[in-house]
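K.L.:
Structure of the sequence below:
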Amino acid sequence: MRIQPADAANAAAAPPSLHDLPKRILGVLPTNPLGAMVQADMLQIVIFGLVVGVALVMMPPAQAKPLLDLTGTLQEVCMTVVRWAMHLAPFAVFGLLAQLTANTGLAALGGVAGYVGTVLLGLLLMLTVYMTIVLAVLGRNPFAFLSALRELLLLAFSTSSSAAVMPLSIKTAEEKLGVRPSIAQFVIPLGATINMNGTALYQGVAAIFLAQVYGVDISLGGLLLLILTAVGASIGAPGTPGIGIVIMAMLLTTIGVPPAGVALIMGVDRLLDMSRTAINVSGDVVAASLMDKWVGGENDPREAARREWERECIRDQTGADVIVGSPPAEG
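P.N.:
Sure thing, here's the model as predicted:
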């Protein structure tokens, strides 16, 4: 299945080449962040977001909290609009696939089936890598490890949201895998934000598939740029259902593929979204287990749980996620 570039609304830019890579690297820092957002330059947006995020982390909490609250509100507004669009998306996707199948025949569905199989195979290989780490580094039985995660993986698969299952992820790591609360409650929320390996893999495969559909030849420089942008875009992606398809629309412009191409894969995105969310969540738990082995020390887990309970009491009393000032001395 291939769509000629002339039929793609002529909206795509020329695909990048290896010769253009130095210029791309030099222009990675945006001189005008708002202009980069208007032009949907995803790589510049990601770099700008990373710089602002590091600056907020290094600032005193009292000064950073107002901007964090503002950005949190803006994210909720954007996610609300995205949810509205996702409710209308099935009808639009049905019409597009019906027209595409009528024009090109069943070969279009065969191409989409090959794309789905490729993504699922890649996610399975990634899960195999995780279980190899569990066996080689943690010294645990991978099947027993997966058995302890079965309820968590089922919930992640059904909700397609790593943020929604975060409390269960922490509970599973603490109670079934023996991870210390201080480590589980730090690593898993951080992983739910930046550890999006399944999403990065999906975006790379989807971008290459759509490039083949539209007949766009991706050179070595384009592949390197695609890998860099896909990994960067997956870091900090909100853990909400369907967000991967939104990021994909912006990612396609980097390699010269029309963003409208995402409509071709939206019909099967729900299944892939559920699968990659399960992989993301399992990666968070594996990372927490590794950190517990490496930096857990010899402290009593029950003492760590007691201290964390005291911190939660402070959060309940203050009603703030960010605690400004030093908490009372533990004792």
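K.L.:
Which pLDDT value goes with Ala14?
P.N.:
On pLDDT, Ala14 comes in at 50.
K.L.:
Going forward, count from 178.
P.N.:
Sure, I'll start counting at 178 from here, so that last one is Ala191.
K.L.:
can you pull out the helices in the stretch 178-327 of the chain?
P.N.:
Under the criterion DSSP state H, counting those that start in this stretch, the stretch 178-327 of the chain contains helices at 198-203, 210-215, 219-235, 238-281, 284-310, 319-325, 327-336.
K.L.:
Phe363 is nearest to which of the ones you listed?
P.N.:
Closest to Phe363 of the helices of the stretch 178-327 of the chain is helix 219-235 (Cβ to Cβ; 13.4 Å). Using the backbone N, CA and C atoms, a C-beta is placed for each residue, glycine as well.
K.L.:
and the closest one, what other elements does it pack with?
P.N.:
Applying 3 or more Cβ pairs under 8 Å, 6 or more residues apart in numbering; DSSP states H and E, one finds that helix 219-235 contacts helix 210-215, helix 238-281, helix 397-411, helix 420-428.
K.L.:
Out of these, which gets nearest to Leu387?
P.N.:
Of all the helices and strands packed on helix 219-235, helix 420-428 sits nearest to Leu387, with 8.4 Å by Cβ to Cβ.
K.L.:
Now the next helix or strand after that closest one: buried residues?
P.N.:
Per DSSP states H and E, the first helix or strand lying C-terminal to helix 420-428 is helix 443-472. Buried residues in helix 443-472, counted by 16 or more other Cβ atoms under 10 Å: 443-447, 449-469.
K.L.:
just how off-centre is helix 443-472 within its chain?
P.N.:
9 Å (Cα atoms, centre = their mean, to the nearest Å).
K.L.:
Between helix 327-336 and it, find me the angle.
P.N.:
Taking axes from the mean of the first three to the mean of the last three Cα atoms, to 10 degrees, one finds that helix 443-472 is oriented at 150 degrees with respect to helix 327-336.
K.L.:
And the average pLDDT for helix 443-472 is what?
P.N.:
85.
K.L.:
Leu227 - how many residues pack around it?
P.N.:
Neighbours of Leu227 under the rule other Cβ atoms under 10 Å: 13.
K.L.:
same check, this time on Ala325
P.N.:
For Ala325, the neighbour count with other Cβ under 10 Å is 17.
K.L.:
quick one: low-confidence ranges for the stretch 278-427 of the chain?
P.N.:
For the stretch 278-427 of the chain, applying pLDDT under 70 flags the ranges 278, 280-285, 410-423.
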